[in-house]
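In: sequence and computational prediction follow.
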Amino acid sequence: MKNFDAIIIGTGQAGPPLAARFSDAGRTVAIIERHKFGGTCVNTGCIPTKTMVASAYAAHVARRGAEYGFCVNDTVRVDMKRVKARKDAVSGRSNKGIEEWLLGLKNCTVLRGHARFQSPNTVVVNDEALQAEKIFINVGGRAAVPEMPGIHDVPFLNNSSMMEVDFLPKHLVIVGGSYIGLEFGQMYRRFGSEITIVEMGTRLIGREDEDVSHAVREILEAEGIQIRLNAKCISLAKRDDGVAVHVDCEEGPPDALGTHVLLAVGRIPNTNDLDLDKAGVATDHRGYIMVDDQLQTNVPGIWALGDCNGRGAFTHTSYNDYEIVADNLFNANHRRLSDRIQAYALYIDPPLGRCGMTEAEIRKSGRHALIAKHPMSRVSRAYEKGETQGFMKICVDAETKQILGAAILGVGGDEVIHVLLDVMYAKAPYTVIQRAMHIHPTVAEYLPTVLSKLETFA
Ligand SMILES: Cc1cc2nc3c(=O)[nH]c(=O)nc-3n(C[C@H](O)[C@H](O)[C@H](O)COP(=O)(O)OP(=O)(O)OC[C@H]3O[C@@H](n4cnc5c(N)ncnc54)[C@H](O)[C@@H]3O)c2cc1C
């Protein structure tokens, strides 16, 4: 039995910085990884997909060359082997960086293998038992495979296997019209594939407001992406030249025929093979580890951070979990999960930056609120760039003047949203933004203009 001050299971977005904190504080820590250092974001999530989004954007702009005053002699042809090589290089750099960082930490033991609990303070990896007073679970999640008819009869791709694709699928059918499906859809359309997105719901990205869903659909359809909504009963069948995705939609033909299928229908936590029962750690009905406001599980001395606790599904939420836990443990702070403001981006082009509540949530809450909306076609920076799709929408509380939520779908939306997010954290009134001088020409300089149009919810 080896003893440590702390054991960390998984090297996602929370585990490595936490290991560094223990190490810096002169405490012994063991960190265990069963697959690739850096987890989802680094190897099969944010970093590789955003690298590929950048390749797709470059191809898209090249095709629009004439609009900008240059010509590309031949038609734009994407070399998928080179796109993948670029992606592998960027992703590999981060993966290697994390491994080297951990191996270089003074008081840190890095173990490769699958970890399981043996008791509330004992973890076994490669038949070796490790013991610690504090154990941190950062095991992340994986792509869900829903039990739809025919699923076991056809080959299908997910976000992980997509990373190995070095050819252009002729026609990619994507099951799932949410964040991951839309990013892959637009990216592969720009690489040159035919794309059909099949979504069970009545609209894409169903958690967003209807006007956002609608505008995103328009953006994707304008690029020739086929969208099939209301696909209530999806089933899959093998065909000589690919796969038929049967969609029981209200409109359109009953089958979407593709050469390849990508499943993007949600994620599940990697908690089923941890022997959590031996430690007595409680999960909810979907397998997410239940945590309190400080990320502690029901078992004293065991914390759960990142996607596996179901309290966030992003790199920044996992990293923020680390910050909360580390601040509370090392600085005796009282940081709480419930102080976090919801924020994320959808990386289609143009991107959607989101913070706080949606308009629908605000309406449902019944509070007295004001709303303003402004099209990107009336933002001069967007116009100069020739990228005028989308709009900005901001909602504020009528009494406190604090920002309740915003959606910026447009060029730079993923960056501009932070102006609003930071003012929300400061609990300052929106009028602060109106009094600040902003830089011209930017998208952000229009925020005061948008705010000047605030009116009571209709
Ligand atoms: C296609 C895609 C695109 C995305 N894009 C974005 C984006 O743009 N922005 C964003 O914020 N988020 C994005 N995400 C989400 C983001 O990747 C995750 O939220 C983030 O990686 C979660 O990290 P984590 O710390 O929970 O764990 P993970 O990164 O999932 O890491 C968990 C690690 O634990 C290891 N592990 C699991 N079980 C064990 C075990 N028993 N023993 C040892 N090791 C174990 C795993 O091998 C893995 O390395 C994307 C996700 C996907 C799938």
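Out: That came through, no problem. Numbers count the residues shown, from 1 in each chain.
In: going forward, measure contacts between C-alpha atoms and count neighbours the same way
Out: Fine.
In: would you list every one of the strands in the stretch 51-200 of the chain?
Out: Along the stretch 51-200 of the chain, the segments classed as strands by DSSP state E, counting those that start in this stretch run 108-112, 115-119, 122-125, 128-137, 141-143, 171-175, 194-198.
In: and of these, who's closest to the ligand?
Out: Each of these has some distance to the ligand by CA to the nearest ligand atom; the shortest is strand 115-119, at 3.9 Å.
In: which stretches of this protein have low pLDDT?
Out: Applying pLDDT under 70 to the chain flags no residue at all.
In: that older thread, in TSV: the strands of the stretch 51-200 of the chain, plus mean neighbour count and distance to the ligand.
Out: What follows is the strands of the stretch 51-200 of the chain, written out as TSV (neighbours: other CA atoms under 10 Å; distance: least, CA to the nearest ligand atom, whole Å):
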stretch	mean neighbour count	distance to the ligand
strand 108-112	18	7
strand 115-119	20	4
strand 122-125	21	8
strand 128-137	20	8
strand 141-143	19	5
strand 171-175	25	13
strand 194-198	26	16
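In: in TSV: those strands, plus distance to Asp248.
Out: Output for the strands of the stretch 51-200 of the chain, formatted as TSV (distance: least, CA to CA, whole Å):
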stretch	distance to Asp248
strand 108-112	45
strand 115-119	42
strand 122-125	47
strand 128-137	41
strand 141-143	23
strand 171-175	13
strand 194-198	10
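In: can you tell me which residues contact the residue nearest to the spatial centre of the chain?
Out: Nearest residue to the geometric centre of the chain (CA atoms, centre = their mean): Phe314, 4.7 Å. Neighbouring residues of Phe314 by CA atoms under 8 Å, 6 or more residues apart in numbering: Gly306, Asp307, Tyr344.
In: for Ala85, same thing?
Out: So Ala85 contacts nothing (CA under 8 Å, 6+ apart).
In: returning to that earlier point: so which of the contacts of Phe314 would count as near the ligand as well?
Out: Contacts with the ligand within the contacts of Phe314, as defined by CA under 6 Å from any ligand atom: Gly306, Asp307.
In: Val110 versus the residue nearest to the centre of the chain, what's the distance?
Out: Counting by CA to CA, to the nearest Å, the separation of Phe314 from Val110 is 25 Å.
In: go on, Pro448?
Out: 50 Å.
In: and Gly10, by the same measure?
Out: Counting by CA to CA, the gap from Gly10 to Val110 is 11 Å.
In: identify the contacts common to the two.
Out: Both Gly10 and Val110 are contacted by Ile31, Ile32, Glu33, under the criterion CA under 8 Å, 6+ apart.
In: can you list those in JSON lines and add secondary structure and neighbour count?
Out: Output for the shared contacts of Gly10 and Val110, formatted as JSON lines (DSSP: H, G, I helix; E, B strand; the rest coil; neighbours: other CA atoms under 10 Å):
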{"residue": "Ile31", "secondary structure": "strand", "neighbour count": "23"}
{"residue": "Ile32", "secondary structure": "strand", "neighbour count": "23"}
{"residue": "Glu33", "secondary structure": "strand", "neighbour count": "24"}
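In: wait, which of these is closest to the ligand?
Out: Closest to the ligand, out of all of those and judged by CA to the nearest ligand atom, is Glu33, at 3.8 Å.
In: got the contact list for the closest one?
Out: Listed by CA under 8 Å, 6+ apart, the contact set of Glu33 reads Ile9, Gly10, Thr11, Val110, Leu111, Arg112, Gly113, His114, Ala115.
In: what pairs with it across the strands?
Out: Glu33 forms beta bridges with Arg112, as assigned by DSSP bridges.
In: next, count neighbours for Gly92.
Out: Close neighbours of Gly92, defined as other CA atoms under 10 Å, add up to 18.
In: which non-adjacent residue is nearest it?
Out: Take Gly92 and drop its neighbours on the chain: the residue closest to it by CA to CA, 6 or more residues apart in numbering is Asn43, 7.6 Å away.
In: and what of Arg286?
Out: Here the residue nearest Arg286, using CA to CA, 6+ apart, is Ile268, at 7.6 Å.
In: can you check Leu352 too?
Out: Leu409 (4.2 Å).
In: does the one you found touch Glu387 like I think?
Out: No - in this structure, Leu409 is not within contact of Glu387 by CA atoms under 8 Å, at 11.2 Å.
In: identify the contacts common to those two.
Out: With CA under 8 Å, 6+ apart as the test, Leu409 and Glu387 both reach Pro350.
In: quick revisit: name the nearest of the shared contacts of Gly10 and Val110 relative to Val125.
Out: Ile32 (8.0 Å; CA to CA).
In: check contacts around that closest one.
Out: With CA under 8 Å, 6+ apart, Ile32 has these contacts: Ile7, Ile8, Ile9, Gly10, Thr11, Val110, Leu111, Arg112, Gly113, His114, Ala115, Val125.
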